[in-house]
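S.K.: next input, structure requested:
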Amino acid sequence: MPDDIARWLTEHAHPLGTLTPGTPAEDLKPLGAALRGTRIVGLGESTHGTAEFFRLKHRIVEFLVREEGFTTLAMEASQSAGHALDAYVRHGTGDPERLVAQLGFWTWRTREVVDLVEWLRAHNRHLPEESRVRFVGTDPQRCADSVEAVAAFLRRTAPERAGDVHALEVLARARPASLPDPERALMRHAEEVARLVADRREQSGPGDGADAALEHARVLVRAADLVTRPFDPSAGEESVFAARDRYMAEAVTRLVDDAPKARVMVWAHNGHIAKGTYGEQVPALGSRLRERYGDAYYALALFFGKGSFLARRGDGLQGPPIPHRIGTGIRSLEARLADAVRGDYYADLRTGTAPWLHTPQMQRSFGANVPRFAYRFHTAPLVPAQDYDGLAFVARSTCSRLLPGTET
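M.R.: Down below sits the predicted model:
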């Protein structure tokens with residue numbers, strides 16, 4: 001098997017001359033060619049704390065926007081807070097570091113993400129409104145902005161009902177499955193508030209922030225659904241994990257279906273952008289996009305050989321992310337990728353029929369939290385060509401650079 005991988009990659013791997021944004025993009029031309037005819041590309045990552053992944057994805061975003069006409073960056077980040085960051089990217093409103101810090105997860109509170117956001121703003125600055133690249137959060141979590149937007153709208157249009165939003169304030173920070181409730185009372189209340197906002201919008205017309213308030217109200221419904229589902233990984237389509245990926249897929253679908261010329265870059269973990277399932281057979285975001293759009297969806301996984309990355313230790317939700325180190329190892333697909341070709345490279349998995357592409361392998365997979373000590377052995381199954389359409393390999397990982405004060 002290793003020889004099979006080496007032979008195939010010798011023919012199909014395209015070296016990446018640099019991971020640094022703002023550099024000439026000739027080495028990314030093969031990726032551009034692979035994406036011809038696609039509407040959506042999933043940009044994965046096997047850790048949420050690798051600086052090289054973030055820099056490479058920044059570089060890919062630059063290339064896809066400038067050379068391939070991609071129009072939207074959709075990120076595994078707070079759908080609620082994404083509206084304010086989009087206002088900065090398109091119109092220069094607000095402070096980029098503060099807005100990035102509000103995206104809901106420590107993983108994005110990094111210098112690398114701020115650099116990307118500032119590039120998007122610089123790119124948009126002198127373009128007409130209709131040509132500006134958008135930023136969209138896809139994850140219905142951490143909804144402080146939505147709570148405030150809906151409350152403000154009701155204070156203007158239905159002051160006698162403004163207090164109805166108080167019960168939803170828990171959604172500002174509550175996480176999926178943190179308030180399990182078989183009766184789904186919080187979700188039903190969020191649906192009632194959304195109906196009220198829709199009624200007031202119908203009466204007052206779409207102006208005066210009514211459209212934005214209605215979208216924020218719908219975000220709160222999705223968030224309440226996730227918060228009140230039980231933590232049961234084995235529940236299949238009804239699990240909180242499946243619901244989260246379904247909502248993220250629906251967010252991308254709206255972007256594509258509402259604008260015939262839209263081309264969307266989806267930034268998320270490898271597990272989410274995969275074309276199959278993850279964990280206990282949870283249908284991934286990418287599997288839903290592949291089912292709906294076929295080959296117009298392209299899943300690009302990012303892997304690394306060895307080095308360090310940031311993650312929280314253990315299962316706790318508090319405490320600072322810390323460096324975790326890992327060698328190349330011998331069991332994972334990454335070990336074979338490192339042995340086959342030296343350096344950083346990209347390969348299109350749609351171009352070959354080699355046996356290893358269709359043989360079960362094990363990939364390393366690290367989330368925002370990893371277990372103590374045992375993280376070094378944390379792998380997930382994959383069949384390369386079934387789960388991904390392409391891969392980018394980074395030989396060495398170093399920790400992403402957190403913004404000052406990042407601990408949550």
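S.K.: pLDDT weak spots in the stretch 201-350 of the chain?
M.R.: Within the stretch 201-350 of the chain, the stretches with pLDDT under 70 are 206, 315-317.
S.K.: all the helices of the stretch 151-300 of the chain, in order from the start?
M.R.: Along the stretch 151-300 of the chain, the segments classed as helices by DSSP state H, counting those that start in this stretch run 185-204, 210-228, 240-257, 270-273, 285-293.
S.K.: closest to Asp339 out of these?
M.R.: helix 270-273 (20.3 Å; Cβ to Cβ). C-betas here are computed from N, CA, C, even on glycine.
S.K.: need the contact partners of the closest one.
M.R.: 42-46, 76, 245, 248, 266, 278-279, 284-286, 299-303, 363, 365, 380, 388 (Cβ atoms under 8 Å, 6 or more residues apart in numbering).
S.K.: buried members of those into ChimeraX, please.
M.R.: Restricted to buried positions by 16 or more other Cβ atoms under 10 Å, the ChimeraX selection for the contacts of helix 270-273 reads:
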select :42,43,44,45,46,76,245,248,266,278,284,285,286,299,300,301,302,303,363,365,380,388
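S.K.: let me see the ranges of the strands in the protein.
M.R.: 14-15, 40-43, 72-78, 134-139, 264-267, 277-278, 282-283, 297-313, 322-326, 345-348, 361-364, 369-370, 379-382, 390-397 (DSSP state E).
S.K.: returning to that earlier point: can you list the helices of the stretch 151-300 of the chain in a markdown table and add distance to Val100?
M.R.: Output for the helices of the stretch 151-300 of the chain, formatted as a markdown table (distance: least, Cβ to Cβ, whole Å):
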| stretch | distance to Val100 |
| --- | --- |
| helix 185-204 | 27 |
| helix 210-228 | 19 |
| helix 240-257 | 19 |
| helix 270-273 | 20 |
| helix 285-293 | 22 |
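S.K.: and Arg7, which of those is closest to it?
M.R.: Nearest of the helices of the stretch 151-300 of the chain to Arg7, taken as Cβ to Cβ: helix 270-273 at 24.7 Å.
S.K.: sorry, back to before: now, of the helices of the stretch 151-300 of the chain, which is deepest in the fold?
M.R.: Using mean count of other Cβ atoms under 10 Å, the stretch among the helices of the stretch 151-300 of the chain with the greatest mean number of neighbours is helix 270-273 (a mean of 28).
S.K.: so how far is that helix off the chain centroid?
M.R.: 8 Å (Cα atoms, centre = their mean, to the nearest Å).
S.K.: picking that back up, for Ala311, find the nearest of the helices of the stretch 151-300 of the chain.
M.R.: helix 270-273 (14.4 Å).
S.K.: can I get the closest one in PDB, CA atoms only?
M.R.: Output of helix 270-273 as PDB, limited to C-alpha atoms (Å, rounded to 0.1, in the frame of the first residue of the first chain):
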ATOM      1  CA  ASN A 270     -12.500  17.900   7.700                       C
ATOM      2  CA  GLY A 271     -15.300  15.900   9.400                       C
ATOM      3  CA  HIS A 272     -17.900  18.400   8.400                       C
ATOM      4  CA  ILE A 273     -16.800  19.000   4.700                       C
END
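S.K.: follow-up on the earlier one: out of the helices of the stretch 151-300 of the chain, flag the one nearest Phe53.
M.R.: helix 270-273 (9.9 Å).
S.K.: how many neighbours does Thr398 have?
M.R.: For Thr398, the count of nearby residues is 16 (other Cβ atoms under 10 Å).
S.K.: so who does it touch?
M.R.: Thr398 makes contact with Thr50, Ala51, Glu52, Gly307, Ser308, Phe309 under the criterion Cβ under 8 Å, 6+ apart.
S.K.: burial of the residue nearest to the fourth one when sequence neighbours are not counted, as a residue count?
M.R.: Spelled out, it's Gly307. Leaving out its chain neighbours, the residue that sits closest to Gly307 by Cβ to Cβ, 6 or more residues apart in numbering is Ser397, at 3.6 Å. If you count neighbours by other Cβ under 10 Å, Ser397 ends up with 25.
S.K.: with Asp3 instead?
M.R.: 9.
S.K.: ditto for Ala262
M.R.: A count of nearby residues for Ala262, using other Cβ under 10 Å, gives 18.
S.K.: show me what contacts the nearest residue to Thr351 once chain neighbours are set aside?
M.R.: Among residues not flanking Thr351 along the chain, His12 sits closest, at 5.9 Å (Cβ to Cβ, 6+ apart). Contacts for His12 (Cβ under 8 Å, 6+ apart) come out as Ala347, Asp348, Thr351, Gly352.
S.K.: of those residues, closest to Arg325?
M.R.: Of these, the one sitting nearest to Arg325 (Cβ to Cβ) turns out to be Ala347, at 26.2 Å.
S.K.: so the closest one sits right up against Ala13, yeah?
M.R.: Yes: assessed by Cβ atoms under 8 Å, Ala347 is found in contact with Ala13 at 4.8 Å.
S.K.: look at the two and report which has more neighbours.
M.R.: Per other Cβ under 10 Å, whichever of Ala347 and Ala13 has more neighbours is Ala347, with 24 against 21.
S.K.: ok, that one to Ala335 distance?
M.R.: 16 Å (Cβ to Cβ, to the nearest Å).
S.K.: buried set for stretch 322-342?
M.R.: The neighbour-count check on stretch 322-342 (16+ other Cβ under 10 Å) flags 324, 326, 328-329, 332-338, 340-341 as buried.
S.K.: for it, measure first residue to last.
M.R.: Criterion Cα to Cα, to the nearest Å; first-to-last residue distance in stretch 322-342 is 28 Å.
S.K.: can you give the distance of that stretch from its chain's centre?
M.R.: In terms of Cα atoms, centre = their mean, the centre of stretch 322-342 is set 23 Å apart from its chain centre.
S.K.: distance of the residue located most distally from the centre of the chain relative to Ala210?
M.R.: What lies farthest from the middle of the chain is Glu160; by Cα atoms, centre = their mean that is 38.5 Å. Here Glu160 is placed at a distance of 18 Å from Ala210 (Cβ to Cβ).
S.K.: thanks again, I'm all set now.
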